[in-house]
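>>> Dropping a prediction and its sequence here:
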Amino acid sequence: QFARWFVEQRTLLKPRSKRGVAFELRQKGIEQSVIENVLKEYDETAALKTIIAKKKQHNTTEELKQYLLQQGFPYDLIIKYVNRKP
């Protein structure tokens, strides 16, 4: 229940990549099987779009790509959405 709640809060308040959320849950001592189960429903694309919308105005395209890579988003997903017009 905690893991599901945590993922919901991350989605609403501070979106992260699946890798980022999984890392945070592991740090909190959640078992890998539970993490995999709760992340099945996690919409990484929506999280990526939210971050892009926030950061795009203040960063160059290259800076934004680098930031998103550091946050654990897949490169192909980054390329697909960073260059899109809103």
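That came through, no problem. Residues are numbered from 1 along each chain as shown.

>>> From Gln57, how far out is Gly72?
22 Å (Cβ to Cβ, to the nearest Å). Using the backbone N, CA and C atoms, a C-beta is placed for each residue, glycine as well.

>>> contacting residues around the helix or strand harbouring Gln66?
According to DSSP states H and E, Gln66 maps onto helix 61-70. The contact list for helix 61-70 (Cβ atoms under 8 Å, 6 or more residues apart in numbering) reads 17, 48, 51-52, 55-56, 59, 75, 78-79, 82-83.

>>> Gly72 and Gln57: who's more crowded?
It is Gly72, of Gly72 and Gln57, that has more neighbours when counted by other Cβ atoms under 10 Å, with 15 against 6.

>>> Who are the contact partners of the more buried one?
16-20, 23.

>>> Buried subset of those, written for ChimeraX?
Burial among the contacts of Gly72 is assessed by 16 or more other Cβ atoms under 10 Å; the matching ChimeraX selection reads:
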select :16,17,18,20
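
>>> Can you add secondary structure and distance to Gly29 and give the contacts of Gly72 back as JSON lines?
Below are these laid out as JSON lines (DSSP: H, G, I helix; E, B strand; the rest coil; distance: Cβ to Cβ, whole Å):
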{"residue": "Arg16", "secondary structure": "coil", "distance to Gly29": "18"}
{"residue": "Ser17", "secondary structure": "coil", "distance to Gly29": "20"}
{"residue": "Lys18", "secondary structure": "helix", "distance to Gly29": "19"}
{"residue": "Arg19", "secondary structure": "helix", "distance to Gly29": "18"}
{"residue": "Gly20", "secondary structure": "helix", "distance to Gly29": "17"}
{"residue": "Phe23", "secondary structure": "helix", "distance to Gly29": "13"}
